[in-house]
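In: Below are the sequence and a predicted model for it; my questions follow.
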Protein chains: 2
Amino acid sequence: MANPIIKASTVTGFPEYLPAERLLEQQMLDKIRGVFESHGFCSIETPIVEKLEVLLSKSADTNKEMYVLGRLQADGPEEAKMGLRYDLTVPFARYVATHENELAFPFKRYQIQPCWRGERPKLGRYRQFKQCDIDIVAREKLAPEYDAFIPAVVCEAWNAIGFKNIELHISNRKILSGFATGLGIEKVGETLRVLDKLAKIGTDGVCEMLTELGLEKKQIDDCLKMATIATKDLSFADKVRTLGVQNEELESGLNEMTDCLKLFQTLSKTPFVADMSLVRGFDYYTGATYEIQLTGADFHEALGGGGRYDNLASTMTKSHLPGVGMSMGISRAIGVGLKLGLLKADQKTATQVLIVNVDKADKSKMIETARVLRERGIKAEMYLEGGKLAKQLKYANDKGIPYVWFDIDSTVRNMTSGEQTPADAKTWIPA
Amino acid sequence: MANPIIKASTVTGFPEYLPAERLLEQQMLDKIRGVFESHGFCSIETPIVEKLEVLLSKSADTNKEMYVLGRLQADGPEEAKMGLRYDLTVPFARYVATHENELAFPFKRYQIQPCWRGERPKLGRYRQFKQCDIDIVAREKLAPEYDAFIPAVVCEAWNAIGFKNIELHISNRKILSGFATGLGIEKVGETLRVLDKLAKIGTDGVCEMLTELGLEKKQIDDCLKMATIATKDLSFADKVRTLGVQNEELESGLNEMTDCLKLFQTLSKTPFVADMSLVRGFDYYTGATYEIQLTGADFHEALGGGGRYDNLASTMTKSHLPGVGMSMGISRAIGVGLKLGLLKADQKTATQVLIVNVDKADKSKMIETARVLRERGIKAEMYLEGGKLAKQLKYANDKGIPYVWFDIDSTVRNMTSGEQTPADAKTWIPA
């Protein structure tokens, strides 16, 4: 045999799971899907590529991380205009604009698909990562109730997959933006983007950057006071008002957020933090913004987030399509969950019983036994080729199959206890 | 409102489904997954990209259709070495080579993911298309029984998703290759690739191409006689033998295929055609080859296919890893099935009941009703924002929700019959 000439490795930053981890992922996605569908969200999937102009029109920070698709042997220049999606929100906006006349509004969709960003890989950060998104989009006006409904559904989904210790961090763009405007700051968008980096670069870093933006010391101090307000109840509004800034947008944001959190408490038992440092990177958010954080764990990045956008598809349709949505970073959650011991990938197979082949010549009885078991919904695998019993039992052990069926004398062995008892394929039930 | 500046269309050849079609696809994939898992296949997923050298080492015809990935703002030349998979077989071989020491053999896996080829789109052919593959791979030797098992499982899966009128076309590379060798043909591989085009270019075209390859008239005539043998029983072997060619590989192929079909008949009720014109394009097949064809329908391309390969990962590992597998072209099947009326996308939502909000101010009762229904496994959606009843009923109608719940007087309306009756959330069951 010649030596292998190609190293059989995956591409860096594009992870793949072993069967046990994949089974865990599948079970988690099934549960997430169950929660989403129970609340009336339908599934959509979009192609991996969007026109580059669609992706570029919505992205700011992600341009340099964007992947583009080309042909190995290109036919013409038009082939170069496709980019891989970096999130599920922009493709969703494009989907709604494309199919507007065929959808029922308010349109509730969930989408579970991978996204791609050419970032440096680290714990919980990959170049290909799976996201689970829900969004609700309406025509003309989207009721404020959905600002509370979306995070309630997402928190239910996190709980369903074993992430019980979570906290909803919530803010509202109108509050920060109105506050900055009320302070007389002109570069409001830029100021918000700097404040978003507070956790990453600290107070000094933020001060420096805001000074560079041309803000006065008093403005910077007030912004920092604002950004450190974080309450686990509705007292955030009064704390913000205590800072003494008068602005209509600010006041409207405070009222909106208070109403939202009141309804959220009716819909969900998940604790929240009204967190005035929360901005979220994407430009398209115009109201509520969210992040889901783990509590009591050594991981301080968000597991997902989202927010309300006034008109994400404005460049693609004349209709006004406001929406609100959130993402769950499922690849991140699995990476972090396994590392922190919140998740275990200890089930290696969905197979419930292996039928061993002790009489190789005639397979008709084992085939019939397996058929009867499968018709009863039991996942019954055959060791079709037969051979030495020790080898067949080793296979069951290696694969983690809990029961082995001996067709020769109709007995079944519990592979954990070693106990072997008579069984009838028509009635046997695995534990 | 400014005019839209970007046309909200998808990229040509990269189709996407409306919610009803997507629901159909989901239901089909759930059933396929159920069949695969019931037989002991575990799920794996691989990244969309593989190293270009891995893809190029196995592909012949597909090179010119291959997509490559780059960064919009590339950091360096290494970024250009990734290609999108054009099938699921090559990534699977690479996966097994990568994780060889962590898998239980014979390793049975299923994989449901999209693939990409830059072909001209037409009915049932897209640039992004979803495949459902199963493969079994062993170390050193894979028992011949699996050559019958794989198509039996795949036929069961096709039946499960409503494709009842199908036929397994089956051949064996050893038969055609041994036959050509026995005829004294030197360019065996090239000859097989020409014969593979019989249905596409006809007898005259094949004659011409084989003459160009340097074959004699007698050799060409015998090849064409061979390629027209197609039997619905085991008589193919004698018909081949009647052509009078003596060759060891040929004889071994005939016996292998006869044994395979005997076991297949025990495992499956799907009719077969022993079809000596069947070659399959990929070079890596070394034994049995398969195609699934629709019968009694105006579509004559394969819905999927596959075969046995002796050592697909030979360039990536020193181990000898023979396997056998088949693909189901699920995007093709949905496209063709909807067109031919074999499938219907008439269910628009999984939601079972919409709870309408007649009393906007206090939502606590509707939230509670929905919670009780959902806890009982009923997909219960709320019209959270309230408003005019007519608008809420229109939403239920547009979305195709079968029941509407009036929380104000605890009645439920069957949206098909219009009948409205009292109901209790703790006991109500949708039809």
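Out: Arrived safely, thanks for sending.
In: what does stretch A:359-378 contact?
Out: A:352-353, A:355, A:357, A:380-382, A:384-387, A:405, A:407-408, A:425-426, A:428-430, B:38-39, B:145, B:263, B:266-267 (C-beta atoms under 8 Å, 6 or more residues apart in numbering or on different chains). Placement of C-beta: from N, CA and C, glycine included.
In: Stretch A:191-199 now?
Out: A:173, A:176-177, A:180, A:185, A:205-206, A:209-210, A:213, A:215, A:223, A:227, A:277, A:279-281, A:300.
In: Quick check: residues of the stretch 201-350 of chain A near chain B?
Out: Counting by C-beta under 8 Å from any C-beta of the partner chain, the stretch 201-350 of chain A comes close to chain B at A:263, A:266-267, A:313-318, A:320, A:348-350.
In: again, only using 10 Å
Out: For the stretch 201-350 of chain A, the contact set with chain B under C-beta under 10 Å from any C-beta of the partner chain comprises A:263, A:266-267, A:311, A:313-320, A:348-350.
In: Out of the residues you listed, flag the one nearest to chain B.
Out: A:Met316 (3.7 Å; C-beta to the nearest C-beta).
In: what's the nearest residue to A:Thr317 if we skip its chain neighbours?
Out: A:Ala97 (4.1 Å; C-beta to C-beta, 6 or more residues apart in numbering or on different chains).
In: Please name the residues that touch the one you found.
Out: A:54, A:137, A:312-319, A:321, B:4, B:6-9 (C-beta atoms under 10 Å, 6 or more residues apart in numbering or on different chains).
In: Could you identify the least confident member of these?
Out: Least confident by pLDDT among the contacts of A:Ala97: that is B:Pro4, with 56.
In: so where does the closest residue to A:Leu183 other than its chain neighbours fall, helix or strand?
Out: Residue nearest to A:Leu183 in three dimensions, not counting chain neighbours: A:Gln219, with 4.9 Å by C-beta to C-beta, 6+ apart. Following DSSP states H and E, one finds A:Gln219 within helix A:217-227.
In: next one: stretch A:421-431 to chain centre, how far?
Out: The chain centroid and the centroid of stretch A:421-431 are separated by 40 Å under C-alpha atoms, centre = their mean, to the nearest Å.
In: What mean pLDDT does whichever strand or helix holds A:Asp259 get?
Out: Applying DSSP H and E as the criterion places A:Asp259 in helix A:248-267. Average pLDDT, helix A:248-267: 97.
In: which other residues reach the helix or strand that it is followed by?
Out: The first helix or strand that comes after helix A:248-267 along the chain, using DSSP H and E, is strand A:272-275. Strand A:272-275 has contacts (C-beta under 10 Å, 6+ apart) with A:151, A:155, A:167-172, A:175, A:227-237, A:239-240, A:254, A:257-258, A:260-261, A:264-265, A:289-291, A:293, A:295.
In: For PyMOL, write a command that selects the buried ones of the residues you listed.
Out: Provided next is the PyMOL selection string for whichever of these are buried by 16 or more other C-beta atoms under 10 Å in any protein chain shown:
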select buried, chain A and resi 151+155+167+168+169+170+171+172+175+227+229+231+234+236+237+239+240+254+257+260+261+264+265+289+290+291+293
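In: Please narrow the contacts of strand A:272-275 to those residing in helices.
Out: Per DSSP state H, helices hold the following members of these: A:151, A:155, A:175, A:227, A:236-237, A:239-240, A:254, A:257-258, A:260-261, A:264-265.
In: Pull out the buried positions in the strand or helix carrying A:Leu393.
Out: In this structure, A:Leu393 is located in helix A:389-399 according to DSSP H and E. Residues of helix A:389-399 classed as buried: A:392-393, A:395-396, A:399 (neighbour count, 16+ other C-beta under 10 Å).
In: Mind giving me the packing neighbours of that helix?
Out: Judged by 3 or more C-beta pairs under 10 Å, 6 or more residues apart in numbering or on different chains; DSSP states H and E, the packing partners of helix A:389-399 are strand A:353-356, strand A:380-382, strand A:403-406.
In: Could I get the average pLDDT for that helix?
Out: 96.
In: Any idea how far it is from the middle of the chain?
Out: 37 Å.
In: sorry, back to before: touching the helix holding A:Gln219 from outside, list them.
Out: So helix A:217-227 is contacted by A:171, A:175-176, A:179-180, A:182-185, A:191-192, A:194-196, A:198-199, A:203, A:206-211, A:213, A:215-216, A:239-240, A:242-245, A:250, A:275-279 (C-beta under 10 Å, 6+ apart).
In: Narrow the contacts of stretch A:191-199 to those in helices?
Out: Going by DSSP H, the helices hold A:173, A:176-177, A:180, A:205-206, A:209-210, A:223, A:227 from the contacts of stretch A:191-199.
In: A:Tyr95 is in what secondary structure piece?
Out: With DSSP H and E as the test, A:Tyr95 turns up in helix A:89-99.
In: quick one: that helix to chain centroid distance?
Out: Worked out by C-alpha atoms, centre = their mean, helix A:89-99 lies 18 Å from the chain centre.
In: Look up how far B:Tyr110 lies from A:Ile367.
Out: The gap separating A:Ile367 from B:Tyr110 is 20 Å, by C-beta to C-beta, to the nearest Å.
In: Among these two, which residue is more densely surrounded?
Out: B:Tyr110 (25 against 20; other C-beta atoms under 10 Å in any protein chain shown).
In: where in the stretch 151-300 of chain A is pLDDT low?
Out: A:282 (pLDDT under 70).
In: Correction: the previous question concerned the stretch 301-431 of chain A.
Out: A:360.
In: Strands along that one, start to end?
Out: For the stretch 301-431 of chain A, the strands defined by DSSP state E, counting those that start in this stretch occupy A:304-309, A:323-329, A:353-356, A:380-382, A:403-406, A:411-414, A:420-422.
In: care to break chain A down by domain?
Out: Domain ranges of chain A: A:31-340, A:353-422, per automatic domain parsing.
In: deepest of the ones you listed, which one?
Out: Mean neighbour counts were taken over those using mean count of other C-beta atoms under 10 Å in any protein chain shown, and the top value, a mean of 19, falls to domain A:31-340.
In: Switch the ones in helices among the contacts of stretch A:191-199 over to a markdown table; also include distance to A:Gly83.
Out: Formatted as a markdown table, the ones in helices among the contacts of stretch A:191-199 follow (distance: C-beta to C-beta, whole Å):
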| residue | distance to A:Gly83 |
| --- | --- |
| A:Arg173 | 26 |
| A:Leu176 | 30 |
| A:Ser177 | 29 |
| A:Ala180 | 32 |
| A:Gly205 | 31 |
| A:Val206 | 32 |
| A:Met209 | 29 |
| A:Leu210 | 33 |
| A:Cys223 | 35 |
| A:Ala227 | 34 |
